[in-house]
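Trainee: below are the sequence and a predicted model; questions follow.
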Amino acid sequence: MKGFLLVLALVLLLTPFIVRAQECQEDCGSLADSPNSYYLCCVIVRIAIWLYVIGGALAVVVVIIGGITYTTSGGNEEQIGKAKKIIVNGLIGAAIIALSGVIVDTVKGMIEDYLTGG
């Protein structure tokens, strides 16, 4: 069972990389004439993908921890309040991660414009 969970975790963590393997070509294709610029763009895209995966996983873990804290509070108002704060912070983190794609696309576009002279 532990082996199955490990394989499942690895598949879930690696899926974004497998699915978005062509992302660099799609996002940075306009820079193909300049190898250094293309490489910089690909590095930015790959770092962004890693950060999405890690941040999303952390947000899920935080919400789960909040849920466990809430479940095990035993009616203690202080523990319930602490659990609600943990859950809200996890959801805020997830929202920030979801919106960070806009920031990455904006910065990537600015770098592309600068490097292509447009």
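Mentor: Happy to help now that I have it. As the structure is a prediction and not an experimental result, all values here were calculated from the model. Numbers count the residues shown, from 1 in each chain.
Trainee: let's verify the spatially most central residue of the chain: helix, strand, or coil?
Mentor: By Cα atoms, centre = their mean, the chain has its centre lying nearest to residue 52, at 1.2 Å. At residue 52 the chain is in helix, as set by DSSP: H, G, I helix; E, B strand; the rest coil.
Trainee: can you start the count at 350 instead of 1 from here on
Mentor: In the new count, where the first residue is 350, that last one comes out as residue 401.
Trainee: nearest residue to it in space, please, no chain neighbours.
Mentor: Setting aside the residues directly before and after it, residue 401 is nearest to residue 446 in space (Cβ to Cβ, 6 or more residues apart in numbering), at 6.4 Å. Backbone N, C-alpha and C define where each C-beta goes, glycine included.
Trainee: and whichever strand or helix holds residue 396, what does it pack against?
Mentor: Using DSSP states H and E, residue 396 sits in helix 384-420. Packed against helix 384-420 by the contact rule (3 or more Cβ pairs under 8 Å, 6 or more residues apart in numbering; DSSP states H and E) you find helix 351-368, helix 372-377, helix 426-465.
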